[in-house]
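Colleague: compute the structure for the input listed below.
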Amino acid sequence: MNRHLWKSQLCEMVQPSGGPAADQDVLGEESPLGKPAMLHLPSEQGAPETLQRCLEENQELRDAIRQSNQILRERCEELLHFQASQREEKEFLMCKFQEARKLVERLGLEKLDLKRQKEQALREVEHLKRCQQQMAED
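Modeller: Residues are numbered from 1 along each chain as shown. Sure thing, here's the model as predicted:
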């Protein structure tokens, strides 16, 4: 592959930011995606500097992507830990809720039993009073 063609392809991959307009010819064409394609071709006089700038910007972009991916991985990890802790907390609360429900049911049954015992005791007291009144009358 011809060295000049290789340099042109590098500059097509990454568009340099800024830079003197005299060093580049800009062609506005339609890309296959329907967006205007900005093709930056280095002129003969600034080719090494343009290539170097393209390579530097390419490295900066790769570094930025690596950093962004690392941050995304960290955030994803944090989210997974958060979701796991939320799941554990939900399970804990559901367990406590079930325990509380069972306790309320048990206390309700005890209340009914105590109410029956009270009614039975009151009937017995009434029966004893009647018996005592009858004995007093006799």
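
Colleague: where exactly do the helices run in the protein?
Modeller: Secondary structure of the chain (DSSP state H): helices located at 3-13, 47-137.

Colleague: any idea which of the ones you listed is most buried?
Modeller: Ranked by mean neighbour count, the helices of the chain are led by helix 3-13 with a mean of 13 (mean count of other C-beta atoms under 10 Å). For the C-beta atoms, the positions are set from N, CA and C on the backbone; glycine is no exception.

Colleague: average pLDDT across that one?
Modeller: The pLDDT scores in helix 3-13 average 48.

Colleague: all numbers from here: first residue = 273
Modeller: Got it, the first residue is 273 from now on, which makes the last one we talked about helix 275-285.

Colleague: least confident of the helices of the chain, on average?
Modeller: helix 275-285 (a mean of 48).

Colleague: now what about stretch 357-370, what contacts it?
Modeller: Taking C-beta atoms under 8 Å, 6 or more residues apart in numbering as the criterion, no residue outside stretch 357-370 touches it.

Colleague: now stretch 379-397
Modeller: Contacts of stretch 379-397 (C-beta under 8 Å, 6+ apart): none.

Colleague: then it to CSV, C-alphas only?
Modeller: Provided in CSV are the C-alpha atoms of stretch 379-397 (Å, rounded to 0.1, in the frame of the first residue of the first chain):
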residue,chain,number,x,y,z
LEU,A,379,-52.5,-12.9,69.2
GLY,A,380,-55.9,-12.8,67.6
LEU,A,381,-56.5,-16.4,68.4
GLU,A,382,-55.3,-15.9,72.0
LYS,A,383,-57.6,-13.0,72.3
LEU,A,384,-60.6,-15.1,71.1
ASP,A,385,-59.6,-17.8,73.6
LEU,A,386,-59.3,-15.4,76.4
LYS,A,387,-62.7,-13.9,75.5
ARG,A,388,-64.3,-17.3,75.6
GLN,A,389,-62.6,-18.0,79.0
LYS,A,390,-63.9,-14.7,80.3
GLU,A,391,-67.4,-15.5,79.1
GLN,A,392,-67.2,-18.9,80.7
ALA,A,393,-65.9,-17.4,83.9
LEU,A,394,-68.8,-14.9,83.9
ARG,A,395,-71.3,-17.6,83.4
GLU,A,396,-69.8,-19.6,86.3
VAL,A,397,-69.9,-16.5,88.5
